[in-house]
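Participant: This is a predicted model, with the sequence first.
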Amino acid sequence: MSTAHHLPVPHICDDEFLELQTKELSRNEDSFRQSAIKKPPKLLKQRNHDFFLNKSSNSLSALSISFKDTSNITQEVHSSFYYKNRSESYFEQCFEIISTLGEGSFGQVFKVKSREDGLLYAVKKSKEFFRSEHYRSERLEEVKRYEQFSNNENCVKLYHAWEQDDRLYMQLELCHGSLVDYLRESKVVLEERVWSILLDLLLAVKSLHDKNLIHLDIKMDNILVADDGTCKLADFGLVVDADKAKIAAIEGDSRYMAPELMQGQFTKAADIFSLGITILELACNLVLPPNGPLWIQMRNGQFPEHIHMLSEELQEVIKSMMNPNHSQRPTVDELLKHSRFLSLLEFRRRWQFFRTMKLQIRESKRIVNSKFCSIKNLFVYFFTIMSTFFKGIGKPEIKVSSPSESSSHSSGNSAFSENFEVSSLHGSPISGNCANFSNELSNIINSTPLNTQNVRARKDLTKTCFQKEHSTPINYQDLNSSTRNPFDKTSLRCKKLFTKFDDSD
Ligand SMILES: Nc1ncnc2c1ncn2[C@@H]1O[C@H](COP(=O)(O)OP(=O)(O)OP(=O)(O)O)[C@@H](O)[C@H]1O
């Protein structure tokens, strides 16, 4: 009696093939093998060998990257701590890694101490090798954007960028953490603070929009909180020129994505939407859906009930920023004319002098504490503090262009008048053409996997750990009551958080 010999069948992760495999198996083993021969397994994409073969041996040594001198973007790194012939990279030789700060899709971020000046920084190291010249130039574009906005108080500062062993490194200003960490620490954020965060971010977005650039990846993870509490925009990896957006843009995180991006309409209004939904997430402590019916609802002008925790004023601003019709969203300049922002700017202007002094003293303390402090550095900082003191600080220049000059997204029917009187958005803002738009949208999005979860507040998710922390259970009815400000409960904790920031230096 002859025994049948079965050849091993490869495990192939191809849905179409697996379906065929199951059908065929049940019918006839022999014919199944036939079909396996007809359809070979997919090959993994290979790394671009030409790119690696064409690279000069120079790529092994570290090269500084800067777009300030466009004729020479890369230059040899010079440092008394870096020896080219040693096997360790420039990063390993010049920095001491203290901890890992975070990881995104493109890079890993480390908290480091520079051996050169003894100060603390964040270094972002790209996760993937430059697999092609195109990929490398895409990564280098982020350096260009960081450089462009490094002088903006509300954008993260880039100190140095370099490439080595086909990876990009960026030495950035060290921040306390992202807005996600901030929310996790404070659990709820006072509405006063929400307005101030929104102002910081509008000023950052304004600097981009004024240069006709779109960020396209505004979200809680990409907003960093500095030690003094200032919010800063980071991650310029997807920044695109508004005029070239149609061909070059890549959409960011789906949770923060403006609905019109699904139809390939990339405008500055997409940033306004992402900022609006970020502020909604922050103020109501929500968990945003990445897709599904709730994703659609939030893009059709229907908001989760948690929004009612907020003042009418803030609700109106958020709703206008998340207007389903992108041409009706206010521009940054229009938003900055809101009376809340004008009074906040005036308040900041009055305290600017003390704020600058505080920052200067903090920076001097940082320098003094570093083991590489020199008499020269001390003298420079003493001089800066004195000159700040004697000059005083002038009014910070924030030019808000009038609606006519601003590159409005709107066709003239913006919700914001010159004095920013927000038109009443009570009830559902979907009407007329927006309703058609919403139908169109449902057709598109329904093709994505549905998320049947409800929009949930983070406090619901963390309810149990909250109760563990406190000996007396918290009455969540109170938090949602309209008669009192739900934020009051944690005002002490928020203050403590800022004391912590202040102590951190
Ligand atoms: N300068 C910094 N100071 C402190 N933490 C930082 C700094 N830069 C980044 N981080 C932390 O590292 C995380 C990842 O950084 P980043 O968003 O720049 O990476 P990415 O790969 O570009 O992410 P994405 O997936 O959003 O594109 C941030 O969410 C933040 O928590």
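Facilitator: In hand now; what should we look at?
Participant: Nearest to the ligand: which residue in this protein?
Facilitator: Nearest to the ligand in the chain, going by C-beta to the nearest ligand atom, is Gly104, at a distance of 1.8 Å. No exception for glycine: its C-beta is placed from N, CA and C like everyone else's.
Participant: Show the contacting residues for that residue.
Facilitator: The contact partners of Gly104, taken as C-beta atoms under 8 Å, 6 or more residues apart in numbering, are Asp221, Asp235.
Participant: what do you get if the cut-off is 10 Å, keeping everything else the same?
Facilitator: Listed by C-beta atoms under 10 Å, 6 or more residues apart in numbering, the contact partners of Gly104 are Lys124, Lys127, Asp217, Asp221, Asn222, Ala234, Asp235, Gly237.
Participant: Just confirm the fourth one contacts Leu183, I think it does.
Facilitator: Put plainly, it is Asp221. No - using C-beta atoms under 10 Å as the test, Asp221 is too far from Leu183 to be in contact (11.0 Å).
Participant: and the next element down the chain from whichever strand or helix holds Glu313?
Facilitator: Element membership of Glu313 [criterion: DSSP states H and E] is helix 312-321. Proceeding N to C from helix 312-321, the next assigned helix or strand is helix 332-335, under DSSP H and E.
Participant: Show me what that following helix packs onto, helices and strands only.
Facilitator: Contacts defined by 3 or more C-beta pairs under 10 Å, 6 or more residues apart in numbering; DSSP states H and E place helix 332-335 against helix 191-210, helix 269-284, helix 312-321.
Participant: For these, give me a markdown table that also has mean pLDDT.
Facilitator: Output for the helices and strands packed on helix 332-335, formatted as a markdown table (pLDDT from 0 to 100):
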| stretch | mean pLDDT |
| --- | --- |
| helix 191-210 | 97 |
| helix 269-284 | 96 |
| helix 312-321 | 97 |
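Participant: so of those helices, which one's packed in deepest?
Facilitator: Using mean count of other C-beta atoms under 10 Å, the stretch among these with the greatest mean number of neighbours is helix 269-284 (a mean of 25).
Participant: average pLDDT for the helix or strand just after that helix?
Facilitator: Beyond helix 269-284 on the C-terminal side, the first helix or strand identified by DSSP H and E is strand 286-287. Computed over strand 286-287, the mean pLDDT rounds to 92.
Participant: got it, and stretch 327-335?
Facilitator: What stretch 327-335 shows for mean pLDDT is 97.
Participant: what about dumping the CA coordinates of that stretch to PDB?
Facilitator: In PDB, the C-alpha atoms belonging to stretch 327-335 read as follows (Å, rounded to 0.1, in the frame of the first residue of the first chain):
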ATOM      1  CA  SER A 327     -15.100  77.500   3.200                       C
ATOM      2  CA  GLN A 328     -17.100  78.700   6.200                       C
ATOM      3  CA  ARG A 329     -14.500  78.100   8.900                       C
ATOM      4  CA  PRO A 330     -12.900  81.200  10.200                       C
ATOM      5  CA  THR A 331      -9.200  81.900   9.300                       C
ATOM      6  CA  VAL A 332      -6.500  82.300  12.000                       C
ATOM      7  CA  ASP A 333      -6.700  86.000  11.700                       C
ATOM      8  CA  GLU A 334     -10.400  86.100  12.100                       C
ATOM      9  CA  LEU A 335     -10.200  83.800  15.200                       C
END
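Participant: about what we covered before: of the contacts of Gly104, grab the buried ones for PyMOL.
Facilitator: Applying 16 or more other C-beta atoms under 10 Å to the contacts of Gly104 leaves a buried subset, and the PyMOL line that selects it is:
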select buried, resi 124+217+221+222+234+235+237
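Participant: In strands, which of the contacts of Gly104 appear?
Facilitator: Lys124 (DSSP state E).
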